[in-house]
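Asker: Show me the folded form of this:
(one chain, ligands or ions: 1)
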Amino acid sequence: MTTAHPVPSVPPAPSTGTLPDGAAPAIEVVALRKAYGSTVAVRDVSFAVGQGEIFGILGPNGAGKTTTVECLAGLRQADAGSVRILGRDPQKDPASVRELLGVQLQEAELNERMTVAEAMRLYASFYEDPADVGELLDLLELTPHRDRQFAKLSGGQKQRLSIALALVGNPQVAILDELTTGLDPQARRTTWELVERVRDRGVTILLVTHFMDEAERLCDRLVIIDQGVVVATGSPAELIEQVDTSRVLRLRVEPHEEVGVLEVLAGLADVQAVTRDGHEIEVTGTRRVLPAVVLALAEQDVVPDVRTVSRSLEDVFVHVTGRTYDHTGAADAAAADDSNDTEGAVR
Ligand SMILES: Nc1ncnc2c1ncn2[C@@H]1O[C@H](COP(=O)(O)OP(=O)(O)OP(=O)(O)O)[C@@H](O)[C@H]1O
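Answerer: Now for the predicted structure:
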């Protein structure tokens, strides 16, 4: 009697996302896994970053973003999977990426009395071929503050200094972690512009953030990570388009026009749903819904105030996880702070 042997199934190779031009990646993460005791911080993360990209790792607090970049920087030992920076393996040989990689991790603190210029000179002395300190201070708009002590810098200036310090070794790849947390809207915008300037100098940037708007504004491509797993990969526009190709309009009409307008909207082929929200009417429909609605209402001599509602990465997160996006994650952050695992402690 013969026994049927099941054909062993070959697990599919983890997808790292397609690079725009098929070029060799600056950063590659494949099937990364890392647990702290019973807490699995990173369950299965894979992605590839092209040279010269601003690539985002986006996710709520506790999603596993920092652990991922700490493995990439060689600061933590992964349990499984592989990471490469410009083909080198920081897990096996952290020294091999030292001159290639600049890292700005959360809450970098310097000696309070050290001035901006002193900190820059100190960090520059760690590298064989450091960047020109004066030029970097200019790039990050820190020249007027070069003699100011760290304790006297504003939040935005401290963040700009931490970026400058990450770049002082002339790296080809820079990791920037939560760089606008705690900054006011103006300082955030300035920081974003400076990050783009850094990219324009040819540096590949891996940007870790829990801010949806930051990822949408800055990143060429990104991964969304949730509970240690990649739940979406692509450019912000691609991700938003995948979620929903419908369009949403909000209309305001005169109160006496409302009943007639609702009737007209209900009869239009391009309209999929109509809801009332206070004084506004929300209309969901096809790509052609805007001209269809405006034309149909014009025929009734109704000229509504119309605005289109844009989809965002937040909608993508809700779509792929079925949960709303937690902007605070305070409980997770507190849990991490209580941890006694201090391996390669950088937090
Ligand atoms: N040193 C540590 N010891 C034990 N658990 C940890 C440690 N660092 C992180 N964790 C836990 O691992 C999970 C992922 O944390 P991680 O910091 O990587 O996520 P994150 O997405 O970067 O979040 P945050 O923005 O809050 O840093 C969380 O549940 C966190 O509590």
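Asker: rest of the way, CA atoms for contacts and neighbours
Answerer: Will do.
Asker: Spell out which residues of the stretch 1-150 of the chain are next to the ligand.
Answerer: Tyr36, Ala41, Pro60, Asn61, Gly62, Ala63, Gly64, Lys65, Thr66, Thr67 (CA under 6 Å from any ligand atom).
Asker: Just the buried subset of these, please.
Answerer: Using 16 or more other CA atoms under 10 Å as the burial test, these include Ala41, Pro60, Asn61, Gly62, Ala63, Gly64, Lys65, Thr66, Thr67 as buried.
Asker: Save these as TSV, and put in pLDDT and secondary structure too.
Answerer: Listed next are those as TSV, based on pLDDT from 0 to 100; DSSP: H, G, I helix; E, B strand; the rest coil:
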residue	pLDDT	secondary structure
Ala41	97	strand
Pro60	89	coil
Asn61	88	coil
Gly62	90	coil
Ala63	93	coil
Gly64	95	coil
Lys65	93	helix
Thr66	92	helix
Thr67	95	helix
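Asker: which one of those residues is nearest Asp147?
Answerer: Nearest to Asp147 among those is Thr66, at 31.7 Å by CA to CA.
Asker: For the buried ones among the residues of the stretch 1-150 of the chain next to the ligand, give me CSV that also has distance to Arg113.
Answerer: Listed next are those as CSV, based on distance: CA to CA, whole Å:
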residue, distance to Arg113
Ala41, 36
Pro60, 34
Asn61, 32
Gly62, 33
Ala63, 35
Gly64, 34
Lys65, 31
Thr66, 28
Thr67, 30
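Asker: tell me the pLDDT at the spatially closest residue to Val289 that is not a sequence neighbour?
Answerer: Leaving out its chain neighbours, the residue that sits closest to Val289 by CA to CA, 6 or more residues apart in numbering is Asp270, at 5.3 Å. You'll see Asp270 listed with a pLDDT of 93.
Asker: Got the phi and psi for Asp270?
Answerer: The phi and psi values for Asp270, taken as degrees, to the nearest 10, are phi -80, psi 0.
Asker: Could you double-check that it sits in contact with Pro291?
Answerer: No - counting by CA atoms under 8 Å, Asp270 sits too far from Pro291 to count as a contact (9.6 Å).
Asker: Figure out how far the helix or strand where Glu263 lies is from the centre of its chain.
Answerer: Per DSSP states H and E: Glu263 is located in helix 258-266. Chain-centre distance of helix 258-266: 41 Å, with CA atoms, centre = their mean, to the nearest Å.
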